[in-house]
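In: build me a model:
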Amino acid sequence: MDSFTILPSAHSSKDATIQVSVTSIDTNGSDTDTQIKTLPIKVTVNPVAEIVGNPPGSGDSNNDGIADLIMTGGHTYTTAGAEDTWYALGTESGFNLANGWTNQDADELTYAHLTPELDSGDSYATVIGSQFKWTDSDG
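Out: Next up is the predicted model:
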C-alpha cells in the first residue's frame, strides 16, 4: 500500500484537499483494537498549458473533441494610429477583442499577451516605449 495515484478533474489546475479514512486493526490473540482516522491529503496539481485552436487537428490537448481555449482569431485594423495618442484596441467597426473567448477549464482565467509590432517599412522605426492600458466602462 505504498503507491496510489489520484488524478485531478479533467481540465482543472485547481489544487484540492481530499479526506481519506484509514482503518487500522491490531489483533493479539483474542484482543483486537480497531482505530479509524480521517486524514487530509493535499493534492497539488501541476498545470499543463492548453492549446489555443479549434478541433479537429489542434486545440484539443486531451482529445475529447472540445477546444481547450478559443480566442479571437484576429483582426486587421483600418483606423490609423496617431503619435502620442491612445489607440483603442478591440473596439473598431463592431469588432471586440474580448468576444468569442472560451476556456474549457472553468476554474482558470484566460489572458492575452499583447506584443506591439511596427509595420512601417522603415528599418529604423521602433516600438520601444509602447504602452498598453486597460480601461473599463467606468473609464
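In: mind listing the strands for this structure?
Out: Counting by DSSP state E, the chain has strands at residues 16-28, 31-43, 69-70, 102-103.
In: what sits up against the third one?
Out: Around strand 69-70, the neighbours that count as contacts under Cβ atoms under 8 Å, 6 or more residues apart in numbering are 50-54, 59, 100-104, 110. Using the backbone N, CA and C atoms, a C-beta is placed for each residue, glycine as well.
In: now do stretch 104-120: distance to the chain's middle.
Out: 11 Å (Cα atoms, centre = their mean, to the nearest Å).
In: ok, stretch 69-78 next?
Out: Centre-to-centre, stretch 69-78 and its host chain are 18 Å apart (Cα atoms, centre = their mean).
In: buried stuff in that stretch?
Out: Residues of stretch 69-78 classed as buried: 69-71 (neighbour count, 16 or more other Cβ atoms under 10 Å).
In: cool, and stretch 41-53?
Out: 50, 52-53.
In: quick check, nearest of those residues to T32?
Out: Of all the buried residues of stretch 41-53, E50 has the smallest distance to T32: 51.8 Å, by Cβ to Cβ.
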